[in-house]
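Novice: one predicted model, sequence on top.
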Amino acid sequence: MKTMTHFAFFDEGSKKEIRRATLKAVAIPGYQVPFASREMPIARGWGTGGLQLTLSLIGKTDIVKVIDQGADESVNAVSIKKLVQQTTNVALTENTEAASLIQSRHRIPEVPLTKEQILVLQVPTPEPLRQVEASEYITKRLHAEDEYSGAWLLLFEQIMKYGKTATGADHPVYVNGRYVMAPSPIPRFDNQKLHYSEALILLGAGREKKIYAVPPYTDVNSLAFEDYPFTVESFADHTCYLCGADDVFLDELIDETSGKSYYQCNDTSYCVDRLNSLKEKEAAPTHA
């Protein structure tokens, strides 16, 4: 008996169910839509929510890029790319501008996305109120009532303890003036990229069985008090030691020999592209 294989791993019924949930998420920005999360050939917690979105939306002409905390070559990114490529035979790329579909864990690319692109973010904990309320039933009611004092209380406690908000990542945002949303564990530096993004941004949590979205040109604002405004990570006086970039998210690294620290672009493909561009300019002949 011949075994049937499906394009992009899922059968058409599964894809349609995920697409219906995705359409509802796009129609109600920031709202968490439950969906029947499927079993995947990777463990839950390793990007199954994002992968299900990618496999339900991908077409034969798409060009796919997968990154993990800014890197195209990490184990998680490489494993997901292999699965996508083996079940679709679509083209892969590390070039952000060339990709039509980008799946990412913990970062939004440095290159501004366009209306022709879709960004899929992997999400471990989609509920922004989970730290203050364990009950799913109650958090749903709080969202329905637009009651977010718990989220504000968390920020207030941080200010009382540290003198400032201390969210290293996943800082909650208000979407379209209605729902408070967890933006996935992206650094605060990336929150501003959600605001009026030209690209459609989809967020998938496989373990928690939720899909939510930020449609293009949507108002997204990070939660902050008037007297303690929202701030992003500062890399003042630091540049990437490879390409010299000073306006991107940088990783601090330690030289094992000297013990001195240095900085490098977190987005590896951005760094490589910028470095190649600088080399081309240097190699170009100058005219008198």
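Specialist: The structure has been received and is ready for your questions. Numbering: from 1, shown residues only.

Novice: residue nearest the centroid of the chain?
Specialist: L121 (3.6 Å; Cα atoms, centre = their mean).

Novice: centre of the chain to the helix or strand it falls within, how far?
Specialist: Element membership for L121, per DSSP states H and E: strand 118-122. Using Cα atoms, centre = their mean, to the nearest Å, the mean C-alpha position of strand 118-122 is found 5 Å from that of the whole chain.

Novice: for stretch 5-23, same thing?
Specialist: With Cα atoms, centre = their mean, you get 21 Å for stretch 5-23.

Novice: now stretch 58-76
Specialist: Relative to its chain's centre, stretch 58-76 lies at 12 Å (Cα atoms, centre = their mean).

Novice: stretch 95-109 now?
Specialist: Between the centre of stretch 95-109 and the centre of its chain there are 9 Å (Cα atoms, centre = their mean).

Novice: can you show me the strands along the stretch 101-250 of the chain?
Specialist: Remark: strands assigned in the stretch 101-250 of the chain by DSSP state E, counting those that start in this stretch are 101-105, 118-122, 173-175, 179-181, 200-205, 210-214, 220-222, 250-254.

Novice: which stretches of this protein have low pLDDT?
Specialist: For the chain, the stretches flagged by pLDDT under 70 are 1-4, 286-288.

Novice: try 50
Specialist: Within the chain, the stretches with pLDDT under 50 are 1-4.

Novice: now the helices for it?
Specialist: 12-27, 48-57, 75-88, 136-144, 149-162, 188-191, 268-283 (DSSP state H).

Novice: what number of residues lie near I102?
Specialist: 23 (other Cβ atoms under 10 Å). (Glycine included, C-beta is placed from N, CA and C.)

Novice: right, and it touches E116 too?
Specialist: No - using Cβ atoms under 8 Å, I102 is not in contact with E116, being 11.4 Å away.

Novice: which residues does the closest residue to A99 other than its chain neighbours bridge with?
Specialist: Using Cβ to Cβ, 6 or more residues apart in numbering and skipping the chain neighbours, the partner closest in space to A99 is K65 (3.8 Å). Applying DSSP bridges to K65 yields these beta-bridge partners: I102.

Novice: give me the distance between the two termini of stretch 53-70.
Specialist: Start and end residues of stretch 53-70 are separated by 20 Å (Cα to Cα, to the nearest Å).

Novice: if you could redo that for stretch 34-50, that was the one I meant.
Specialist: 14 Å.

Novice: which other residues reach it?
Specialist: 10, 14, 17-18, 21, 51-52, 76, 79-80, 83, 103-105, 120-124, 203-211 (Cβ atoms under 8 Å, 6 or more residues apart in numbering).

Novice: switch the cut-off to 6 Å
Specialist: Applying Cβ atoms under 6 Å, 6 or more residues apart in numbering, the external contacts of stretch 34-50 come out as 14, 17, 21, 80, 103, 105, 120, 122-123, 204-207, 209, 211.

Novice: tell me how many other residues surround D68.
Specialist: Other residues close to D68 by other Cβ under 10 Å number 22.

Novice: for L154, that is, sorry about that
Specialist: Neighbours of L154 using other Cβ under 10 Å come to 18.

Novice: ok, and the closest non-adjacent residue to it?
Specialist: Q131 (6.1 Å).

Novice: what do you get for E136?
Specialist: In space, E136 is closest to E127, 7.6 Å off (Cβ to Cβ, 6+ apart).

Novice: same check, this time on D146
Specialist: D146 sits nearest to R178 (Cβ to Cβ, 6+ apart), 7.1 Å away.

Novice: check T167 too.
Specialist: In this structure, T167 finds its nearest non-sequential neighbour in R188, 6.6 Å apart by Cβ to Cβ, 6+ apart.

Novice: isn't the one you found right up against V232?
Specialist: Yes - counting by Cβ atoms under 6 Å, V232 is a contact partner of R188 at 4.7 Å.

Novice: of those two, who's got more company?
Specialist: Taking neighbours as other Cβ under 10 Å, R188 and V232 compare with R188 leading, 19 against 14.

Novice: neighbours around D11, how many?
Specialist: 12.

Novice: domain-wise, how is the chain divided?
Specialist: Domain segmentation of the chain under automatic domain parsing yields 12-129+168-222, 234-288.

Novice: tell me the most buried of those domains?
Specialist: Compared across these, domain 12-129+168-222 shows the largest average neighbour count, a mean of 20 (mean count of other Cβ atoms under 10 Å).

Novice: endpoints of that domain, how far apart?
Specialist: End-to-end distance of domain 12-129+168-222: 37 Å, with Cα to Cα as the criterion.
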